[in-house]
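Engineer: Model the structure of this input:
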Amino acid sequence: MAKNKNMIAALLRERDGYNAQGKTDRVRQVDEQLEHYGYSPEPDEEDGPQGRTQVPQQTADQGKTPAKKTAAKKTAAATPPATPPTV
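Structural biologist: Numbering: from 1, shown residues only. Predicted coordinates for the structure are as follows:
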């Protein structure tokens, strides 16, 4: 498996070089080798948005946090977790 990882890393570097030079035919050949070694490309962020495409709308209830909830969160965060006694 380590051989495959090393080969994939080398092929990816080679592919980047061909891509920078505009040699699309060589890029395709390297892609075939990458597939042979079990590499599947992860989607690039440049390929478009992944998941949610719009900011969620804020509702009237989300804008204001009740004082009791805020105080409870602060108290819970300030209280250290109990640790069992050591023997």
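Engineer: CA atoms for contacts and neighbours, from now on please.
Structural biologist: OK.
Engineer: ok, and what's touching the helix or strand hosting residue 17?
Structural biologist: In this assignment (DSSP states H and E), residue 17 forms part of helix 2-21. For helix 2-21, the surrounding residues in contact (C-alpha atoms under 8 Å, 6 or more residues apart in numbering) are 24, 26-27, 30-31, 33-34, 37, 39.
Engineer: hmm, 7 Å instead?
Structural biologist: For helix 2-21, contacts defined as C-alpha atoms under 7 Å, 6 or more residues apart in numbering pick out 26-27, 30, 34, 37, 39.
Engineer: I'd like the next helix or strand past it.
Structural biologist: Remark: after helix 2-21, the chain's next helix or strand is helix 24-36, criterion DSSP H and E.
Engineer: Touching that next one from outside, list them.
Structural biologist: 8, 11, 15, 18-19.
Engineer: In a markdown table, list the residues you listed along with pLDDT.
Structural biologist: A markdown table is the format used below for those (pLDDT from 0 to 100):
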| residue | pLDDT |
| --- | --- |
| 8 | 94 |
| 11 | 96 |
| 15 | 96 |
| 18 | 96 |
| 19 | 95 |
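Engineer: any idea which of the residues you listed is closest to residue 58?
Structural biologist: Residue 58 lies nearest to residue 19 out of the contacts of helix 24-36, by C-alpha to C-alpha, at 43.4 Å.
Engineer: one step back: which of the contacts of helix 2-21 are buried? Put it as a PyMOL command.
Structural biologist: In PyMOL syntax, the buried subset of the contacts of helix 2-21 is picked out as below (16 or more other C-alpha atoms under 10 Å):
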select buried, resi 27+30+34+37+39
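Engineer: what ranges of the chain fall below the confidence cut-off?
Structural biologist: For the chain, applying pLDDT under 70 flags the ranges 1, 43-56, 60-82, 87.
Engineer: make it 90
Structural biologist: The chain contains residues with pLDDT under 90 at 1-4, 40-87.
Engineer: Just the C-alphas of stretch 14-22, formatted as PDB.
Structural biologist: Presented in PDB, the C-alpha positions along stretch 14-22 are these (Å, rounded to 0.1, in the frame of the first residue of the first chain):
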ATOM      1  CA  GLU A  14       4.100  14.800 -12.700                       C
ATOM      2  CA  ARG A  15       0.500  15.700 -13.600                       C
ATOM      3  CA  ASP A  16       0.800  19.200 -12.100                       C
ATOM      4  CA  GLY A  17       3.900  19.800 -14.300                       C
ATOM      5  CA  TYR A  18       2.100  18.700 -17.400                       C
ATOM      6  CA  ASN A  19      -0.900  20.700 -16.500                       C
ATOM      7  CA  ALA A  20       1.200  23.800 -16.000                       C
ATOM      8  CA  GLN A  21       2.800  23.300 -19.400                       C
ATOM      9  CA  GLY A  22      -0.600  22.800 -21.100                       C
END
